[in-house]
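Novice: what's the 3D shape of this:
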Amino acid sequence: MNKQVLVEDVWKSFDRGRIEVLKGVTFTVPKGEIVALCGTSGCGKSTLLNVISGLEEVDRGKIRVAGFDVVEESTRIDLLRHHIGYVFQFHHLMPDLTLAENCLVPLIATGGQRADGLARLHELATATGVEHRLGQRVRELSGGERQRGALVRSLMNDPELLLCDEPTGALDEKNRAKVFDLLLDLVRARGRTLVLATHDLELALRCDRTVKMRDGRIEGEVR
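Specialist: Below is the predicted model:
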């Protein structure tokens, strides 16, 4: 099976090297696999997602996504526009825009056709149960609706790889289960690859594989 994500001996520090966050991380994710990164707060899960996406630069090491070298600056924007979707713990939607306007931002960034984008928006909004809220401003939506909207936005350009950083962490138990179910259903239905950071072991065990992190290193995995 083709490797969708390749991370090889990756190191990342902050504060001019004083704070080491990733310490020689190596792992791979085959195409179509759903992987959970688990560990306590501060173990490096979020930073690992950020360097895979290209949002953060590594100090040294190798990262490839969909065959592209993430370490190369020239490829990062293309990866984020066309190959990677990102769902954050806090939705990062613009509160004064409508949900539809927020979700169409990725389409604008890639110069896609509006008619195709609107059709995809309504397909995803219907699948996630927010089709009746597309005309509402984000500040008027509930927490669960905002996070489902963030999921729609992340999938608008049909990315090969979806990265999720504690995507249900800010939700109550009822909405957490609903959003996670939607996430798994959408990814599996499209045969996409998902790397998910979570501290919730119950959610992690529903993925194909759980990778345990501790103190900036891969500690082991469970299938």
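
Novice: from here on, contacts and neighbour counts on C-alpha atoms
Specialist: Will do.

Novice: Enumerate residues external to stretch 172-184 that contact any of its residues.
Specialist: Contact with stretch 172-184 is made by 128, 144, 147-148, 151, 168-169, 203, as judged by CA atoms under 8 Å, 6 or more residues apart in numbering.

Novice: and stretch 130-143, which residues are buried?
Specialist: For stretch 130-143, the neighbour count (16 or more other CA atoms under 10 Å) marks 130-131, 133-134, 136-138, 141, 143 as buried.

Novice: got a list of contacts for that stretch?
Specialist: With CA under 8 Å, 6+ apart as the test, stretch 130-143 has contacts from 93-100, 122, 125, 145-146, 148-149, 170-171.

Novice: in this protein, which spans are helices?
Specialist: With DSSP state H as the criterion, the chain has helices at 45-53, 73-82, 99-103, 105-110, 114-128, 143-155, 173-190, 201-204.

Novice: low-confidence ranges in this protein?
Specialist: Along the chain, the model assigns pLDDT under 70 to residues 1, 90-91, 109-112.

Novice: Among the helices of the chain, which comes closest to residue 214?
Specialist: Among the helices of the chain, helix 45-53 comes nearest to residue 214, with 9.1 Å by CA to CA.

Novice: what helices or strands is the closest one leaning on?
Specialist: Applying 3 or more CA pairs under 8 Å, 6 or more residues apart in numbering; DSSP states H and E, one finds that helix 45-53 makes contact with strand 19-30, strand 60-65, helix 73-82, strand 161-165, strand 193-198.

Novice: Redo those as a markdown table? Include mean neighbour count and distance to residue 216.
Specialist: Shown next, in a markdown table, are those (neighbours: other CA atoms under 10 Å; distance: least, CA to CA, whole Å):
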| stretch | mean neighbour count | distance to residue 216 |
| --- | --- | --- |
| strand 19-30 | 17 | 4 |
| strand 60-65 | 19 | 14 |
| helix 73-82 | 15 | 23 |
| strand 161-165 | 24 | 16 |
| strand 193-198 | 26 | 13 |
